[in-house]
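Participant: just a sequence and a predicted model for now, questions to come.
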Amino acid sequence: MCADCAMLNLRSDQVTAAATSPFRVKGQPAAVMHLSSMAETRRRLVGIAFMIGAVACFACLDTSAKWLNRTMDPLQTASIRYVGSFLLVAAFYNPWTKTGLLRTHSLWRQCARAGCLVVATLCAFSALRFLPLTEFTSITFSSPLIVALIAGPLLGEGIGRRRLVAVLIGFTGVLVVTRPGSHGVHPAVVLALVTACANAFYSVATRLVAGLDAPETTLFYTGLVGSILVMPVAPFVWATPASGPVWLAMAGVAAFGALGHWLLILAHKRAPASIVAPFFYAQLLWATLLGWLVFGEVPDRWTLVGGAIVMSSGLYLLSRERARHKGG
């Protein structure tokens, strides 16, 4: 789920930069400038709070999916996640409430982007059936590292020596988490790595459509295409829940997905992406807490150390990206 942050990065930074430009307050009294600064600080704090709430929803989504997948096929869980979330989102964003919502400048890019997320979701839900939440989240947080590697051939962005070293260090963190030589590699670890790769391509595709279509259009197509892809297989794996808690968890999978994306949009509307993006890593903290509360999972020291290495590498890459944009 960490790739979703890229959806509004470009537009968020552009809008916020315009709103907070120093030319807007030039020549105004100091008191007015102070009030303007306080208002902007408040907006950014609200944006950070929305981001923390968004990643909490994504962690709850993973937790609900993991709980359901103990007795339910991951394909059914994915179908519930996509169709349910799409219906909730469509209640607010649809062609009747927002004119031009379906208008896109690159339909095939939107479909390819949504397809990458479907692959990531299916692999993620299958991996969560076997892996602890913290271990799974730590592995999938290698996605920004993969983005740094594939951005060159796909986006024409040079990686540079420092960024390459950060990527290699980050992948070392993944090895620390999985420890392939100590107890073998569970197939679910491979699924988690495929999730990270699919999320990376999803993130690159997001950057390709960010300058072409509105965020709401991209969000709508994500749910629409995803629902179309998973719906045909749903009848073959469907098992009617036999208890109230299972129905509640199914509703949670849909609700947490929709609410998380909505909070993500609000976060990027309140503050620039460079401010809120680092707080996406708070999802690892939520995953650790929920894994302990719901499943009694206590991460070992290797998972914590490896997760910290992956997170530090990602934050360093983010800081380099911010410095590059400021220099440009």
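Facilitator: Received it, and whenever you're ready, just let me know what you need. Numbers count the residues shown, from 1 in each chain.
Participant: wait, Y281 touches S312, no?
Facilitator: No. With contact defined as CB atoms under 8 Å, Y281 does not reach S312; the gap is 9.4 Å. For glycine as for every other residue, the C-beta is placed from the backbone atoms N, C-alpha and C.
Participant: with neighbour numbers in mind, choose between these two.
Facilitator: Using other CB atoms under 10 Å, the more surrounded residue of Y281 and S312 is Y281, with 20 against 15.
Participant: got the contact list for the residue nearest to that one when sequence neighbours are not counted?
Facilitator: Spatially, and ignoring its direct neighbours in sequence, Y281 is nearest to M311 (5.0 Å; CB to CB, 6 or more residues apart in numbering). Going by CB atoms under 8 Å, 6 or more residues apart in numbering, M311 touches 141, 173, 281, 284.
Participant: grab the nearest non-local neighbour of the last one.
Facilitator: Among residues not flanking L284 along the chain, T137 sits closest, at 5.3 Å (CB to CB, 6+ apart).
Participant: pLDDT below threshold where in the stretch 201-328 of the chain?
Facilitator: Along the stretch 201-328 of the chain, segments meeting pLDDT under 70 span 274, 324-328.
Participant: how near is A271 to I150?
Facilitator: Using CB to CB, to the nearest Å, we find A271 at a distance of 27 Å from I150.
Participant: quick one: the helices in the stretch 201-328 of the chain?
Facilitator: Secondary structure of the stretch 201-328 of the chain (DSSP state H, counting those that start in this stretch): helices at 215-230, 234-237, 244-270, 273-276, 282-295, 301-327.
Participant: return the set of buried residues in the second one.
Facilitator: By that I understand helix 234-237. Going by neighbour count (16 or more other CB atoms under 10 Å), the buried part of helix 234-237 is A234.
Participant: identify the residues contacting it?
Facilitator: By CB under 8 Å, 6+ apart, helix 234-237 touches 73, 75-76, 79, 83.
Participant: nearest to A198, of the residues you listed?
Facilitator: Taking CB to CB as the measure, A198 lies nearest L75 of the contacts of helix 234-237, at 15.9 Å.
Participant: give me the next element, helix or strand, following the host helix or strand of that closest one.
Facilitator: Assigned by DSSP states H and E, L75 belongs to helix 74-90. Next along the chain after helix 74-90, taking DSSP H and E as the criterion, comes helix 107-128.
Participant: list the helices and strands the helix or strand following that following helix packs on?
Facilitator: Under the assignment DSSP H and E, the closest C-terminal helix or strand after helix 107-128 is helix 133-140. Here helix 133-140 touches helix 30-68, helix 107-128, helix 161-178, helix 187-210, helix 282-295, helix 301-327, going by 3 or more CB pairs under 8 Å, 6 or more residues apart in numbering; DSSP states H and E.
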